[in-house]
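Trainee: Predicted coordinates and the sequence they were generated for:
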Amino acid sequence: MTTHETRSPAGLILPEYGKDDQSHPALNTPEYRSSALRYPKQPLQYLPQYLTEITGPVLGQDRCGERDHDLTVQHDDEPLGERIIVSGRVLDSGGKPVPNTLVEIWQANSAGRYRHQGDRHPAPLDPNFSGTGRCMTDADGNYRFITIKPGAYPWRNHDNAWRPAHIHFSLFGQAFTQRLITQMYFPGDPLFYQDPIFNSVRDEQARERMISRFDLDTTVPEWALSYKFDIVLRGPASSVFEDEEEEDDD
């Protein structure tokens, strides 16, 4: 990821980030059929990044409720499925922690179904699982969620198409221009090879950064397995992010 500079009308020199075409998915990925309906058909218009875009939003702990980080206690009873812990750090391109930033997740339930009116495939909904959570990173950039391991689900992209189990992440970073979206996968998933969304990331090392790692040290005995997933904003070791036009339940 290259960084350029642009000068605002007020004379401020502001950073401008180039696009990494080797690791980020192409806007038009024919194997991912619905991308043909979404990607821009007209030339992109340059929008300069001014002070407002690189200094906001200002987020605080009041953005999150007491139970927002724990998706297993948001209803009257516990949800069905395997309880897991997902944690990690949000870092910048220099390896420094990104503190006090909003991290949001959404996911399917253990049967592979979203609580969304557009999801009609024949799997049960769980009345005790909404599938959404949020938290703020601490001073060292750490975040932590408790949730249920999501199930795979069919999606009709091609013959016998199934999405690997995954969790969507949204991050705001330290500025509006850093608001990015990615997906976290689980190690050893047998569906990786046939998933055009996962494989739209052409760089193998970048695809590896989308896969969490099992962590026994943070696994809680007799309660929940733990997975680590660090997220890097910008830079050569950055996580892979979706374009906001592609944001949906896939």
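Mentor: Sure, I can see it. Numbering: from 1, shown residues only.
Trainee: Can you pull the poorly scored residue ranges out of this protein?
Mentor: Within the chain, the stretches with pLDDT under 70 are 1-19, 21-22, 46-50, 52-61, 173-178, 234-249.
Trainee: Of all residues in it, which one is nearest the centre?
Mentor: The centroid of the chain falls nearest to F169 when counting by C-alpha atoms, centre = their mean (2.4 Å).
Trainee: Any figure for the gap between it and P122?
Mentor: Distance from F169 to P122, counting by C-beta to C-beta, to the nearest Å: 28 Å. Any C-beta I mention is one placed from the backbone N, CA and C, and that applies to glycine too.
Trainee: Could I get the full set of helices for this structure?
Mentor: Taking DSSP state H as the criterion, the chain carries its helices at 51-55, 196-199, 204-208.
Trainee: can you tell which of these is closest to G88?
Mentor: If you check each of these against G88 by C-beta to C-beta, helix 204-208 wins as the nearest, at 14.7 Å.
Trainee: From S110, how far out is the closest residue to T147 other than its chain neighbours?
Mentor: In this structure, T147 finds its nearest non-sequential neighbour in L71, 4.2 Å apart by C-beta to C-beta, 6 or more residues apart in numbering. Taking C-beta to C-beta as the measure, L71 falls 11 Å from S110.
Trainee: More neighbours: which of these two?
Mentor: Taking neighbours as other C-beta atoms under 10 Å, L71 and S110 compare with L71 leading, 25 against 21.
Trainee: need the contact list for that one.
Mentor: By C-beta atoms under 8 Å, 6 or more residues apart in numbering, the contact set of L71 is 79, 129-133, 145-148.
Trainee: Any idea how many residues pack against R115?
Mentor: Residues near R115, counting by other C-beta under 10 Å, number 16.
Trainee: now it: how far from I197?
Mentor: Where I197 is concerned, R115 sits at a distance of 21 Å (C-beta to C-beta).
Trainee: just D203 next, same as before
Mentor: Counting by C-beta to C-beta - D203 and I197 are separated by 15 Å.
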